[in-house]
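1. From the sequence below, what's the structure:
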Amino acid sequence: MRRYYLLWSAMVFVLFGGSSFALAGNNLIAGGGTTAGSWERRSASGGFLNSGTLWATRISHCAVLLPNGNTFLAGGSASGGTWEIRNATGGHVSNGTLWTTRDWAFTCSLLGNGNVLIVGGGASPATWEIRNGAGGFVSQGTLWTSRYGHSASVLSNGNVLITGGYGSSGTWEIRGTNGSLVSGTSTTGIYLWSGRSGHCSVQLNNGNMLLVGGGPGYISWELRNSSMTLISANYTWASRDGSTCTKLLNGNVLIVGGSWSPGTWEIRSSTGALVSNGNLWVGRDGHQAELQTNTGNVLITGGTVSPGTWELRSGTGALIGSGNLNASRYGHTQNEQ
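-> Have a look, this model is predicted:
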């Protein structure tokens, strides 16, 4: 599902279908690391706001911002069969049980109708399920192929593009808002340029898809159009596995860290061309990076190398600020609210 950002008196409104709400510019950072049962909130500049306890311990889980401003969290290696919803201040709203266990390397995507599509994962790699905005079960089914360590990107038409993953790293499939298979490698004969698992992907402003890194190649990117036809492919400035891809306000993409090059970042344009690159304040792998839509900066938190830290970077990659988190975090989630 596409988010439409409207700048209005320094406030950002996010439109989901026909409804909207204002983003306050704060971040809910949940679970992960040695304090997987906790959450904390940080401002767009990285400042500490408040903290609390999750309903269940979570690491390597997923989280999505819902149309009403709440955050849906699901699964994780410690509580893979559960979900919970948190409000904009971190407070507990509700909780329940997933259709099947989702322990790690799965994805959650917010659909245009406000439902959440949950795909794959180590415990249930061949399945998907849909939950509504209140956490209720909607439907479930079987993927075209098993996937964990894949990526999932919501397209401008509301469908979800699922690429790669361990065991199926050269394949892709597109799922509709009801979970049905729209198209995929099996029906088009188009395979990825390189096998990819542990990679990142993002839809660009022109509708094309940029896929970056991941095994077994680690050091490549590829650009595809909305029909998944290959436009171009080349090599990244550094090897990338477990990196984050964040689309900036100007349409470029900030690529951060990863297990092979944890201390670096690079920015790529909508053509895949290298714009700039540099070194992070500290190394990062298993981290999170979130665009701060009121400012255009990117807040980067945690990771296995430096789990107790955060840093703030501008849209050009420049370091703006850095500091310590309230707890050590890796395999956590981060959502602007």
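2. Mind jotting down where the helices sit in the stretch 101-250 of the chain?
-> 185-188 (DSSP state H, counting those that start in this stretch).
3. Sketch out the low-pLDDT regions of it for me.
-> 184-190 (pLDDT under 70).
4. again, only this time at 90
-> Across the stretch 101-250 of the chain, the stretches falling below the confidence threshold (pLDDT under 90) are 122-124, 144-145, 156-157, 167-170, 182-195, 215-219, 226-227.
5. Residue 164 contacts residue 194, doesn't it?
-> No - with the criterion set as Cβ atoms under 8 Å, residue 164 and residue 194 do not qualify as a contacting pair; they are 9.0 Å apart. For glycine as for every other residue, the C-beta is placed from the backbone atoms N, C-alpha and C.
6. tally of neighbours for the nearest residue to residue 27 once chain neighbours are set aside?
-> Distances taken as Cβ to Cβ, 6 or more residues apart in numbering place residue 42 nearest to residue 27, at 4.8 Å, with adjacent residues excluded. A count of nearby residues for residue 42, using other Cβ atoms under 10 Å, gives 24.
7. residues in contact with residue 42?
-> With contacts defined as Cβ atoms under 8 Å, 6 or more residues apart in numbering, residue 42 is in contact with 26-27, 29, 48-49, 299, 301, 310, 325.
8. Tell me which residues touch the closest residue in space to residue 172 that isn't next to it in sequence, please.
-> Nearest residue to residue 172, sequence neighbours excluded (Cβ to Cβ, 6+ apart): residue 163, at 4.5 Å. Listed by Cβ under 8 Å, 6+ apart, the contact partners of residue 163 are 150-153, 171-172, 192, 196, 199, 201, 211.
9. Just the buried residues out of those, in ChimeraX syntax.
-> Buried residues within those, by 16 or more other Cβ atoms under 10 Å, are selected in ChimeraX with:
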select :150,151,152,153,171,172,192,196,199,201,211
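10. quick one, phi/psi of residue 34?
-> Dihedral angles of residue 34 (phi, psi; degrees, to the nearest 10) stand at phi -90, psi 0.
11. doesn't residue 327 make contact with it?
-> Yes - using Cβ under 8 Å as the test, residue 34 is close enough to residue 327 to be in contact (7.5 Å).
12. more crowded one of the two?
-> Per other Cβ under 10 Å, whichever of residue 34 and residue 327 has more neighbours is residue 327, with 21 against 12.
13. Give me the distance between stretch 250-268 and the centre of its chain.
-> Here stretch 250-268 shows a centroid-to-chain-centroid distance of 14 Å under the convention Cα atoms, centre = their mean, to the nearest Å.
14. which one is residue 54 nearest to, not counting chain neighbours?
-> What sits nearest to residue 54 in space, not counting adjacent residues and going by Cβ to Cβ, 6+ apart, is residue 37, at 5.3 Å.
15. where does stretch 260-277 sit relative to the chain's centre, distance-wise?
-> Chain-centre distance of stretch 260-277: 18 Å, with Cα atoms, centre = their mean.
16. buried residues in stretch 326-337?
-> Residues of stretch 326-337 classed as buried: 326-337 (neighbour count, 16+ other Cβ under 10 Å).
17. go on, stretch 38-51?
-> Going through stretch 38-51 with 16+ other Cβ under 10 Å, the ones that come out buried are 38-42, 44, 46, 51.
18. roughly how far is it from the heart of the chain?
-> Centroid displacement of stretch 38-51 relative to its chain, using Cα atoms, centre = their mean, is 19 Å.
19. now the end-to-end length of it.
-> Between the opening and closing residues of stretch 38-51 we find a distance of 7 Å, counting by Cα to Cα, to the nearest Å.
20. in the stretch 101-250 of the chain, which spans are strands?
-> Secondary structure of the stretch 101-250 of the chain, counting by DSSP state E, counting those that start in this stretch: strands at 107-110, 116-119, 127-131, 137-142, 151-154, 160-163, 172-175, 181-184, 200-203, 209-212, 220-224, 230-235, 244-247.
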